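> predicted coordinates and the sequence they were generated for:
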Amino acid sequence: MTTILALISIFANLAGTLTVWQQLQKSDATHTPVLRIIWGLALVGHAALLLQQIFSADGVNLSFILALSAALWLVSLILFISTLKNPLLNTCIVVLPLTALVICASWVFPNLTRLPLQTGTGIGVHILSSLLAYAILMIAAIQAIVLKFQHQRLHGQQPLGFFKHLPAMQDMEHLLFQLIAAGVVLLSISLLSGYLHVDSLFDRSQLHKTVLSIIAWIVFASLLIGRRSMGWRGPTAIRWTLWGFSLLALAYFGSKLVREIILQRAL
């Protein structure tokens, strides 16, 4: 069953990528019925696959590759909902093929998905809020990159290409800060639940992850304060968003990559 779900998810994500690319080539950034069906199938298949891979009667198995897969599923779901009303298919051209690649890795290399199971409601809240925060802030980072290229093309008087189908920069920035605000709330819940329920949060093996996550929270919170009190926007907002997300990605996936894959293979 796992193989069937993996194949359905991989091919649906790749078919969705091809559909999005064809629409963008035709200067059409709308969410068509065909894309909804393909993308919806990808989301359902991926969700069912994750349920089999992550959850069991013993607890939660969240290795590096499965955590990345779950985060990308959340990113894809949020984008699916967002693109129903906003022409943001440019972002999907990155997320959909990357999701297919990670699903393929979790299926072809099952050893990458093995990690001692974690139990407890508090741990579940910590894991869920962490993944949601990462997913939303990942979309914010992608949004910031799109804004950067849009800003450069507008001010450099270059052809807009795909970017001409995006909303106005002011609307794009407004969406960016909404995403960051939601991400900060979820990251706050993640840090608080981790402090209350994760005994090893400040152990030597986890300290770098905790410190980097806190610094990332400070960066995003400072950006929101700067936006409200000093009107930060444009390149300043883009830089702070990318710095914050880089710290967050390094804190979670960077540490898991080194600990679970690089160091394990070296032993």
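Thanks, I have it.

> show me the contacts for Leu224.
Taking CB atoms under 8 Å, 6 or more residues apart in numbering as the contact definition, Leu224 lies against Phe177, Ile180, Ala181, Val184. For every residue, glycine as well, the C-beta is placed using N, CA and C.

> what strand or helix carries Leu14?
Here Leu14, judged by DSSP states H and E, is contained in helix 2-25.

> that helix: what's the following helix or strand?
Per DSSP H and E, helix 2-25 leads on to helix 33-54 as the next helix or strand towards the C-terminus.

> what helices or strands is that following helix leaning on?
Taking 3 or more CB pairs under 8 Å, 6 or more residues apart in numbering; DSSP states H and E as the contact definition, the neighbouring helices and strands of helix 33-54 are helix 2-25, helix 64-82, helix 89-108.

> could you check the angle helix 64-82 makes with the longest one?
To tie it back to what came earlier, the one meant is helix 2-25. With axes from the mean of the first three to the mean of the last three CA atoms, to 10 degrees defining the directions, helix 2-25 sits at 40 degrees from helix 64-82.

> give the rounded mean pLDDT of helix 2-25.
Per-residue pLDDT values over helix 2-25 give a mean of 88.

> and for stretch 41-49?
With pLDDT averaged residue by residue, stretch 41-49 scores 94.

> buried residues of it, list them for me.
Along stretch 41-49, the positions that meet the burial threshold by neighbour count (16 or more other CB atoms under 10 Å) are Leu41, Ala42, Leu43, Gly45, His46, Ala48, Leu49.

> so what's the first one up against?
Right, Leu41. Under the criterion of CB under 8 Å, 6+ apart, the contact partners of Leu41 comprise Ile8, Ala12.

> Leu14: what's it in contact with?
Going by CB under 8 Å, 6+ apart, the list of residues near Leu14 reads Leu96, Pro97, Ala100.

> so which of the residues you listed wins on neighbours?
For those, counting by other CB atoms under 10 Å, the largest number of neighbours falls to Leu96: 28 neighbours.

> so it makes contact with Ala42?
Yes - with contact defined as CB atoms under 8 Å, Leu96 and Ala42 form a contacting pair (7.4 Å).

> which neighbours do these two share?
Listed contacts common to Leu96 and Ala42 are Asn13, Gly16, Ser76; contacts here mean CB under 8 Å, 6+ apart.

> can you put the residues you listed in TSV and add distance to Leu242 and neighbour count?
Converted to TSV, the shared contacts of Leu96 and Ala42 look like this (distance: CB to CB, whole Å; neighbours: other CB atoms under 10 Å):
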residue	distance to Leu242	neighbour count
Asn13	25	29
Gly16	26	29
Ser76	21	23
